[in-house]
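Q: Here you go, sequence then predicted model.
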Number of protein chains: 2
Amino acid sequence: MRQSFLFTKTRREAPKDETAKNAQLLIRAGFIHKEMAGVYSYLPLGLRVLNKISDIIREEMNAIGGQEIQMSLLQDRELWEKTGRWDDKLVDNWFKTKLKNGSDLGLALTNEEPVTNILREHIQSHKDLPKSVYQINTKFRNEVRAKAGVMRGREFPMKDLYSFNKDEKSHIEFYEKVSTSYERIFERVGISDRTVKTFASGGIFSKFSHEFQTICETGEDVIYTYTDERTGKLGAINKEIFTDDLKKELMVDNFIEKKSVEVGNIFTLGTRFSESLGLRYKDENGESVPVFMGSYGIGPSRLMGTVVEVLSDEKGIVWPESVAPFTIHLLSLDAETKGEADALYEKLVQEGKEVLYDDRDVAAGEKFADADLIGIPTRYVISKKSLSTGGIEVKDRKTGAIKYA
Amino acid sequence: MRQSFLFTKTRREAPKDETAKNAQLLIRAGFIHKEMAGVYSYLPLGLRVLNKISDIIREEMNAIGGQEIQMSLLQDRELWEKTGRWDDKLVDNWFKTKLKNGSDLGLALTNEEPVTNILREHIQSHKDLPKSVYQINTKFRNEVRAKAGVMRGREFPMKDLYSFNKDEKSHIEFYEKVSTSYERIFERVGISDRTVKTFASGGIFSKFSHEFQTICETGEDVIYTYTDERTGKLGAINKEIFTDDLKKELMVDNFIEKKSVEVGNIFTLGTRFSESLGLRYKDENGESVPVFMGSYGIGPSRLMGTVVEVLSDEKGIVWPESVAPFTIHLLSLDAETKGEADALYEKLVQEGKEVLYDDRDVAAGEKFADADLIGIPTRYVISKKSLSTGGIEVKDRKTGAIKYA
């Protein structure tokens, strides 16, 4: 894409009310627009990143047999009353609205109730199980405070996967598959070196759930990390369940307190929702049995914010290639060599490369500063100087290393 | 995809409260789930169709220079107050909600206000124009009645494009481009033979807007069609502006009244929003001038519903290949030839074909009925009978023509 075509511009300052580093950088670089605290619109560069993250998640969900759907954002009060989660006293971050006839509706906060209700029409027999279903869709959370930029929004995209199994045993097998799938996602997005699978509070059906926590100075969670003696892998416990009993159970003494951001969670629901909403199947003996469920979340925009938060430097954002809006940022610095730059742009596009081409009529210094801020992994510069020195100057955004090609 | 893997099942009857043919068929075939009147969730087959329609629209929008973004669904009351559109007395189909602190928010009904506000931060000079920006995102309309299935939802996806030009002249050029682009979209989706560009009411800045109306017995609009003597093309006037003055202006006497559904609209906004919200640019002489705007909508789910409504037959849905969930429906009818069917499925998938493979252990009659209901364009049957007759039986869903391959 030619940068002269792109409608967004970079800016020197973020809005004064924006305190989160991720949002400051994303706003300054023209990736997002702040609508209000915790609510952002995604501009062309930001949407490209969000789509790349979503596509990685989608590939991994499909690979473990997830079937993609898209549930409505308006939700029926009745369903939530059946599971006892409609009342604001119990779930305190609902957004609610009303139909013209006065009926109350909820705005998608999470989707256990609606997805269980949908599956009720399609699952009757043990032959229909196991199944897993996911969507990547907007969620709304009426947070009192929203100061973490796109890491904690009042409105945000979420991948929510739900699993339906015959029993706890087959559920646990799938739960482990999701865990491995999540590890692949964080690896592909470029944050696996600082992301740790963490014990968190469970529910009625299991002692623990698991969160994937990315260690990050500005994270809102606190975890205690440790090294698992048997596997040598890093593990962690969320502060909310960091008890002496658990420490004993893990047979670990040395923990390090870290701030972190929760980038994913996997949760055993058991039969809580299938019992309340009547999602049952006939087993091999003709007995009616409630389906055993799990739910699994990852927020693409939170991942985007986390990547910015942990990988940026003093000059701007540093995108991993897998989620960068473009992989090459081509800068043309002077009118005399514009022809060479134009030709290279056409050639790269022909080769299927994703190139942002800074063909604007602005000073070289501004182009360099913008390229650093926008954070595309590889910068190509064509100028009289580069051509006389060695050809195209190729600079790695992360390391700063320069070579000529 | 193997049909035994797919979690959805077909059903004989649609819900009793569902009166629209499009939704009845889509529910029975397992494409959608009805959450409440006018609110549907999209199941795997339905989401595939919706994505194909959205991708066609996206390609055509990109081809005319549209830049894709994604705006928030929660909208700021203040913006709408500036243009005088917040009040329920003026705009009667808002869904509204509240932040915890009591502030009112709107749910995206349309996006002129937010998009104008975003562009305000990126357009300063005549050199920044023209630009056009679009999204494919959820819209909410608090309709009193919602009886047309996915053709008129209370929540639905919408492609909304907004254009920003220096003046009316360059706006009109772009407006015509969009019109041609829309014709290509309806052609690709398979309804161009019954879709007609229709005069509709304009606004402050132009006498008329244009709608694209698909002639359809169950449509909620009424249009008067005529043949343009000069071009020989079919034209139409929406009933709401079908006056003697306009008839005289067009110099046409013969009109035919038709029911129709509005599948797209293109609208000149002029400077109504840019004046109210302060989206101005400096022209060549340094004068501050309001940007001249247009807005252009197409609803992917409404298109989906319209395709079902106008192209289905008594046996079920008939998808055009361009938007079908899969292009081939392979049916294996007996255990003895399952090996051949499995092998063909693998071969077709290897070739990059999109195949739904009915590998279920159910009677042939049920498979035939389901295939007709689901409506995939080409049906392949492998059975002892087909192999002894001529090989793979290939049936065209639309014409019923059979051949062997």
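A: That came in fine, so what should we check first?

Q: what residues are up against residue A:192?
A: If you count contacts by CB atoms under 8 Å, 6 or more residues apart in numbering or on different chains, residue A:192 has them with A:183, A:186. Quick note: C-beta positions are derived from backbone N, CA and C, even for glycine.

Q: got a pLDDT number for it?
A: Note on residue A:192: pLDDT of 97.

Q: I'd like the distance between it and residue A:36.
A: 33 Å (CB to CB, to the nearest Å).

Q: what's the answer for residue A:344, then?
A: The spacing between residue A:344 and residue A:36, counted by CB to CB, is 42 Å.

Q: Next: residue A:90.
A: To residue A:36, residue A:90 is 26 Å away according to CB to CB.

Q: Show me which of the two is the more surrounded one.
A: Between residue A:90 and residue A:36, residue A:36 has the larger neighbour count (other CB atoms under 10 Å in any protein chain shown), namely 19 against 11.

Q: For the more buried one, grab phi and psi.
A: Note on residue A:36: its backbone torsions stand at phi -170, psi 180 [degrees, to the nearest 10].

Q: Which helix or strand in chain A has the lowest average pLDDT?
A: helix A:244-250 (a mean of 89; mean pLDDT, DSSP states H and E).

Q: What are the contacting residues of that helix?
A: Under the contact criterion CB under 8 Å, 6+ apart, helix A:244-250 has outside partners A:199, A:226, A:235, A:237, A:253, A:255.

Q: ok, the residue of the stretch 201-350 of chain A found nearest chain B - how many residues close by?
A: Using CB to the nearest CB, residue A:301 is the residue of the stretch 201-350 of chain A that sits closest to chain B, at 10.2 Å. As a burial measure, residue A:301 scores 26 neighbours (other CB under 10 Å).

Q: three-state assignment of it?
A: Under DSSP: H, G, I helix; E, B strand; the rest coil, residue A:301 falls in the helix class.

Q: cool, and residue A:181?
A: Going by three-state DSSP: residue A:181 is helix.

Q: for the nearest residue to it once chain neighbours are set aside, what are its contacts?
A: Spatial nearest neighbour of residue A:181, excluding adjacent residues (CB to CB, 6 or more residues apart in numbering or on different chains): residue A:60 at 4.7 Å. By CB under 8 Å, 6+ apart, the contact list for residue A:60 reads A:181-182, A:184-185, A:188.

Q: Can you say which of those residues are buried?
A: Among those, the ones that count as buried by 16 or more other CB atoms under 10 Å in any protein chain shown are A:181-182, A:185, A:188.

Q: Go through those and say which is closest to chain B.
A: So of these, ranked by how close each gets to chain B (CB to the nearest CB), first place is residue A:181, at 17.4 Å.

Q: and that closest one, what pLDDT?
A: pLDDT for residue A:181: 98.

Q: In the stretch 101-250 of chain A, which residue sits nearest chain B?
A: Using CB to the nearest CB, the closest approach of the stretch 101-250 of chain A to chain B is made by residue A:131 at 4.4 Å.

Q: I'd say that residue and residue A:115 touch.
A: No: contact criterion CB atoms under 8 Å: residue A:131 and residue A:115 do not qualify, at 10.6 Å.

Q: what residues does the stretch 101-250 of chain A put near chain B?
A: Within the stretch 101-250 of chain A, the residues that sit near chain B (CB under 8 Å from any CB of the partner chain) are A:101, A:105, A:107, A:114, A:118-119, A:121-123, A:128, A:131, A:133, A:138, A:140, A:142-144, A:154-155.

Q: Of these, select the buried ones using a ChimeraX command.
A: To isolate the buried ones among these in ChimeraX, judged by 16+ other CB under 10 Å, type:
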select /A:105,107,114,118,119,121,122,123,128,131,133,138,140,142,143,154,155
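
Q: Cross the residues of the stretch 101-250 of chain A next to chain B against helices and list the overlap.
A: Under the assignment DSSP state H, these contribute A:114, A:118-119 to helices.

Q: For the stretch 1-150 of chain A, which segments count as helices?
A: For the stretch 1-150 of chain A, the helices defined by DSSP state H, counting those that start in this stretch cover A:21-28, A:44-63, A:77-82, A:112-120.

Q: can you pull the buried residues of the second one?
A: Of the residues in helix A:44-63, those scored as buried under the neighbour-count criterion (16+ other CB under 10 Å) are A:44-54, A:56-58, A:60-61.

Q: Equivalent analysis for stretch A:339-347, please.
A: For stretch A:339-347, the neighbour count (16+ other CB under 10 Å) marks A:340-342, A:344-345 as buried.

Q: CA atoms only for it, dumped as PDB, please.
A: The C-alpha trace of stretch A:339-347 is given here as PDB (Å, rounded to 0.1, in the frame of the first residue of the first chain):
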ATOM      1  CA  GLY A 339      11.700   5.800 -10.200                       C
ATOM      2  CA  GLU A 340      13.900   3.000  -8.700                       C
ATOM      3  CA  ALA A 341      11.700   3.000  -5.600                       C
ATOM      4  CA  ASP A 342       8.500   2.800  -7.600                       C
ATOM      5  CA  ALA A 343       9.900  -0.100  -9.600                       C
ATOM      6  CA  LEU A 344      11.000  -2.000  -6.500                       C
ATOM      7  CA  TYR A 345       7.600  -1.500  -4.900                       C
ATOM      8  CA  GLU A 346       5.900  -3.000  -8.000                       C
ATOM      9  CA  LYS A 347       8.300  -5.900  -8.000                       C
END
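
Q: Need the contact partners of that stretch.
A: Outside stretch A:339-347, the residues touching it (CB under 8 Å, 6+ apart) are A:2, A:330-332, A:355, A:357, A:359, A:380, A:382, A:387, A:392.

Q: ok, the residues you listed vs chain B, which is closest?
A: Using CB to the nearest CB, residue A:2 comes nearest to chain B of the contacts of stretch A:339-347, at 10.9 Å.

Q: could the buried ones among the contacts of residue A:60 be laid out in TSV, adding distance to residue B:80?
A: Supplementary listing: the buried ones among the contacts of residue A:60 in TSV, determined by distance: CB to CB, whole Å:
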residue	distance to residue B:80
A:181	42
A:182	40
A:185	38
A:188	40
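
Q: Okay, domains of chain A per the record?
A: Residue ranges of the domains in chain A are recorded as A:21-311, A:328-404, according to automatic domain parsing.

Q: Pull up the distance across the first one, start to finish.
A: The stretch domain A:21-311 measures 11 Å between its terminal residues, going by CA to CA, to the nearest Å.
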